[in-house]
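Visitor: Mind looking at a prediction? Sequence and model below.
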Amino acid sequence: MERPELSIAVLRDPDETVLKLAGEIDMLTAGRLSNVVNDILADPPVRIVLDMAGVTFCDSQGLGTIVVLTKKASHTRSVLMLTNVGEFLLRVLDITGLRSALTVR
Amino acid sequence: MSAEVSRADAAPAAEHVRRVRLPADRRTPAAARAVVRSVLAEAHLDELLNEALLLTTELSTNAVVHAGTELDIEVIAGPSGLMVTVTDYKASPSETLTAGPRNDEIDISDVSERGRGLLLVDHFASRWGTTHMATGKGVWFRLDRKTVPPAGALPEAPAPTAGALTTLLQIAPEPHADDALADFAGHLLSRVAELVGAAGGAVRLDRGEGSGAQLLARYGRQPRAGAELLRVPLNVNRPYSGELELDVAPSGYAGPLAALAAERLALHLENDRLRRADLRRQTWLTFLAEASELLAQSLDVNLTLALIPQLVVPRLGQWCAVHTTDEWGRLQLAAATHADEMALPQVHAMFQESGPDSPIARLREASRSGSQVPLGPPLEGFAVPLAARGQRLGTLSVGRHPRHRHDAEEIAILEDVARRAALAVDNARIHEERRRVAHTLQQSLLPPVLPVVRGIGFAAEYVPTGDAAEVGGDFYDVVPLPDERWLVVVGDVSGKGVQAAAVTGLVRDVIRVLVGDGKPLPEALGRLNDTLVERGGGRYCTLALAAVGRGDGDQLDVSLHLAGHDRPVLVRADGRASFVGTGGTALGLLDSIATPVATVLLDPGDALVFYTDGVTERRRGRELFGPERLRDTAAPLAGYSADIVAARLRAATMGFSAEGPRDDIAILVLRNDPET
């Protein structure tokens, strides 16, 4: 694949950790996202923000991973939220009924 | 990418086809997306990009995760849209894929982590489905262009294999299944849907029971609004009708295969129709037999009228009303029932309307024309006439079922019920008439009042039998004799009914005539015996005759002749009581009779109590009232007037048992009333 599958840039602030995501989230890349967030949750910040601005694709595997990570974050008294969610992904969140269960900003 | 990429040569110019084989690898969904992306670009279908990439990813991810074999991806893009098929190589029993539910939890800890792939496919695809093959399973989806496409050929499903066709022909109903027909239809439908690649399908059947077409079997998902559907009517006989519907374009093999399946279905539906018709007929016959039996048991007009709606509702309609024709020919509501008790007032209100189009006017029409007449809304139904033995008795009206109209068979059954009901009402009327006749006859056999004679007290009590339609054989009379004496007559003719009453009348008249002529009582009894033997029709009669006249001083002189009758009780003024008189022969049995005479002298305050066997044979369980109990009951009544003695004895007899009297009861008291 010529294009990067998924790049993850981590920006740490005192209160929140922002993950700038770029590329595609599917069965190939969801695992890596999971690993990065799990590492961050070892010392949980108040908020973890997934910045979806660069995400060109996200399938049900990606959604499942975000659900799992949101649950884990809430267990560590942290909050996982999504920002800059694309129009089509917002539709997918509506269709699956996940929009009301996730924190989308 | 270790994939084999081929471009289909034979594709028409407008179609872009790409087939690739990919490994079971985590990179495969991304590779599949790349293929789809390039085909869409070629076909200028970028408007479908987001959906196409998502659905392709979902199907290929499923194949990688669940089958774990290599998979083929076929992408066909045309002017009208895109079709992608993902085929795996895992031979497995055919399973139905279903989309998971949409999440409706708000708390993240309750949200499922998996199972959204098919939900998305089901949502975005114009159609999708599965194809089962010996080597594995293919899952496909179609995305139609959002803009209205020019009419263009859809990609055709592959030709069915001989094996698949054989399966289609070999499916047969399980003979012992609960709902063999629905199972069979479901089985056949899923087979034919898989064969033609339909995303969904349905078999609808209207059994002509009025409730419209019902879903017999469904496959896959509901068709999208506006989707082109393949519909094949089922070739079945009336009242059945139905269709096979497949969510697939009617092209290529789809039409003939659907027709084949429809033909097979129709054959079994026809079988079902015949079986059900038979069953229904049997059920109705049983119902009619039960209704007849119930109606036949009721001999009371009002009870019969009340029973009719109970028989009809809810089996033959929501509500039922019976109107009877009164003596001026007007229809009067006699009984009504509604399946919903609360709605009964509406039925009453409906029949109170008047006017040329009112329900009551429709009933008149039914009664006049002698045929069924429909009733309009709001309480729809129809009315049939009640007529028996050429007489218009009224109408029977019935409301339709909540969900369907009456079918021809039900109307025929209702007319049958109406005929039987009318006969029952008529029978009950005849019975009532008989009862009235019996009552009148009875009254005519007994003197309306007893004579009032200075110094002699007469009093009588009579209770008819419990069955009011029967005339009893008991009678009594007090007749003046030419020699200024009085004759007391108490008798009992065997049997009941009109014939017994006729004999009673005969006995009474013969006695009146003979004693009026001054014939001595023994001779009168002899003549009466001859008459009965000759003309009594085998009936016999017991009789007590007592000629009462003034004796010495203030005594009454009584000559007592008993012809087989129970001996009367003599109650003395001081409270002693005894039986007096001698048996003798009942009349009408033998050519010659013995009627010994006994003379009884009644001092002032003495009374003589005559009675019939209705008194002594009154029953309480196995116990009889008996003559002794009568005597012991009469003794303390000494000193009371004849009226009081008679009334008290009647009360004691009736109070002995809770049952109605099986035989009629007659009590006559003759008393020497002291001068005051």
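Guide: Right, received. Where do you want to start? Numbering: from 1, shown residues only, chains lettered A, B, ... in the order given.

Visitor: For the nearest residue to residue B:567 once chain neighbours are set aside, report the pLDDT, please.
Guide: Nearest non-adjacent residue to residue B:567, counting by C-beta to C-beta, 6 or more residues apart in numbering or on different chains: residue B:579, 4.2 Å away. In short, each C-beta sits where N, CA and C put it, glycine included. Looking at residue B:579, its pLDDT stands at 94.

Visitor: Can you give me the neighbour number for residue B:579?
Guide: 14 (other C-beta atoms under 10 Å in any protein chain shown).

Visitor: Go ahead and confirm it touches residue B:568.
Guide: Yes. Counting by C-beta atoms under 8 Å, residue B:579 does reach residue B:568; the two are 7.2 Å apart.

Visitor: Geometric centre of chain A: which residue is closest?
Guide: The residue lying closest to the centre of chain A (C-alpha atoms, centre = their mean) is residue A:50, at 4.4 Å.

Visitor: Test of understanding: give the bridge partners of the residue nearest to residue B:567.
Guide: residue B:569 (DSSP bridges).

Visitor: residues in contact with it?
Guide: B:567-570, B:627, B:631 (C-beta atoms under 8 Å, 6 or more residues apart in numbering or on different chains).

Visitor: hmm, back to that, C-terminal to the helix or strand harbouring the residue nearest to the centre of chain A, what's the next element?
Guide: Using DSSP states H and E, residue A:50 sits within strand A:47-58. The helix or strand immediately downstream of strand A:47-58 is helix A:60-75, counting by DSSP H and E.

Visitor: Could you list the buried residues of that next one?
Guide: By 16 or more other C-beta atoms under 10 Å in any protein chain shown, the buried positions in helix A:60-75 come out as A:60-73.

Visitor: Within range of chain B, give me the residues from chain A.
Guide: A:1, A:5, A:24, A:26-28, A:57, A:59-61, A:63-64, A:67-68, A:70-71, A:74, A:88, A:92, A:95-98, A:100-102 (C-beta under 8 Å from any C-beta of the partner chain).

Visitor: nearest spatial neighbour of the residue in chain A that chain B sits nearest to, skipping sequence neighbours?
Guide: Residue of chain A nearest chain B, by C-beta to the nearest C-beta: residue A:97 (3.4 Å). Spatial nearest neighbour of residue A:97, chain neighbours left out: residue B:103 (3.4 Å); criterion: C-beta to C-beta, 6+ apart.

Visitor: Pretty sure that neighbour sits against residue A:98.
Guide: Yes. Under the criterion of C-beta under 8 Å, residue B:103 makes contact with residue A:98 at 5.7 Å.

Visitor: who touches both of the two?
Guide: Common neighbours of residue B:103 and residue A:98 (C-beta under 8 Å, 6+ apart) are residue B:111.

Visitor: Which single residue of the stretch 401-550 of chain B approaches chain A most closely?
Guide: residue B:403 (35.5 Å).

Visitor: can I see the domain layout of chain B?
Guide: Domain ranges of chain B: B:4-101+B:115-144, B:162-276, B:298-440, B:446-672, per automatic domain parsing.

Visitor: Need those in a markdown table (columns: distance to residue B:290).
Guide: Below are these laid out as a markdown table (distance: least, C-beta to C-beta, whole Å):
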| stretch | distance to residue B:290 |
| --- | --- |
| domain B:4-101+B:115-144 | 46 |
| domain B:162-276 | 21 |
| domain B:298-440 | 8 |
| domain B:446-672 | 26 |
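
Visitor: Over to the residue of the stretch 401-550 of chain B closest to chain A. Which of the three states is it?
Guide: Counting by DSSP: H, G, I helix; E, B strand; the rest coil, the backbone at residue B:403 sits in coil.

Visitor: Give me the pLDDT for it.
Guide: 74.

Visitor: okay, now it: neighbour count?
Guide: 10.

Visitor: Residue B:568 contacts residue B:606, doesn't it?
Guide: No. Using C-beta under 8 Å, residue B:568 is not in contact with residue B:606; the gap is 11.8 Å.

Visitor: Compare these two (neighbour count), which wins?
Guide: residue B:568 (28 against 22).

Visitor: mind listing the strands in chain A by residue range?
Guide: A:6-12, A:16-25, A:47-58, A:79-83, A:103-104 (DSSP state E).

Visitor: now swap in the stretch 451-600 of chain B and tell me
Guide: B:456-463, B:474-480, B:486-493, B:541-550, B:556-563, B:569-571, B:577-579, B:597-602 (DSSP state E, counting those that start in this stretch).

Visitor: need those in TSV with distance to residue B:409, can you?
Guide: Output for those, formatted as TSV (distance: least, C-beta to C-beta, whole Å):
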stretch	distance to residue B:409
strand B:456-463	52
strand B:474-480	54
strand B:486-493	54
strand B:541-550	59
strand B:556-563	66
strand B:569-571	69
strand B:577-579	71
strand B:597-602	76
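
Visitor: Next one: residue B:329 relative to residue B:323, how far apart?
Guide: 12 Å (C-beta to C-beta, to the nearest Å).

Visitor: what's the spacing between residue B:129 and residue B:578?
Guide: For residue B:129, the distance to residue B:578 - C-beta to C-beta - is 108 Å.

Visitor: Who has more neighbours out of those two?
Guide: Relative neighbour count places residue B:129 above the other of residue B:129 and residue B:578, with 26 against 12, counting by other C-beta under 10 Å.

Visitor: That one against residue B:198, yeah?
Guide: Yes. With contact defined as C-beta under 8 Å, residue B:129 counts as touching residue B:198 (6.3 Å).

Visitor: the inter-axis angle of the helix or strand residue B:668 falls within versus strand B:556-563?
Guide: In this assignment (DSSP H and E), residue B:668 forms part of strand B:665-672. In terms of direction (axes from the mean of the first three to the mean of the last three C-alpha atoms, to 10 degrees), strand B:665-672 departs from strand B:556-563 by 150 degrees.

Visitor: can you pull the buried residues of strand B:665-672?
Guide: B:665-672.

Visitor: again with stretch B:434-450
Guide: For stretch B:434-450, by 16+ other C-beta under 10 Å, it's B:434-435, B:438, B:441-442, B:445-447, B:450.

Visitor: what's the answer for stretch B:132-148, then?
Guide: Buried positions in stretch B:132-148, judged by neighbour count with 16+ other C-beta under 10 Å: B:132-133, B:136-145.

Visitor: To residue A:19, which of the domains of chain B lies closest?
Guide: Distance to residue A:19, taken as C-beta to C-beta, is lowest for domain B:4-101+B:115-144 among these, at 20.7 Å.

Visitor: follow-up on the earlier one: sheet partners, orientation included, of the strand holding residue B:668?
Guide: strand B:456-463 (antiparallel), strand B:607-611 (antiparallel).

Visitor: hang on, the earlier thing: between residue B:129 and residue B:198, which contacts overlap?
Guide: Common neighbours of residue B:129 and residue B:198 (C-beta under 8 Å, 6+ apart) are residue B:220.

Visitor: Verify the contact between residue A:38 and residue A:72 for me.
Guide: Yes. Using C-beta under 8 Å, residue A:38 makes contact with residue A:72 at a distance of 7.2 Å.

Visitor: okay, and the common contacts of these two?
Guide: Shared contacts of residue A:38 and residue A:72 (C-beta under 8 Å, 6+ apart): none.

Visitor: In chain A, where is pLDDT below threshold?
Guide: Counting by pLDDT under 70, chain A contains low-confidence ranges at A:1-4.

Visitor: Many thanks, I have nothing further to ask.
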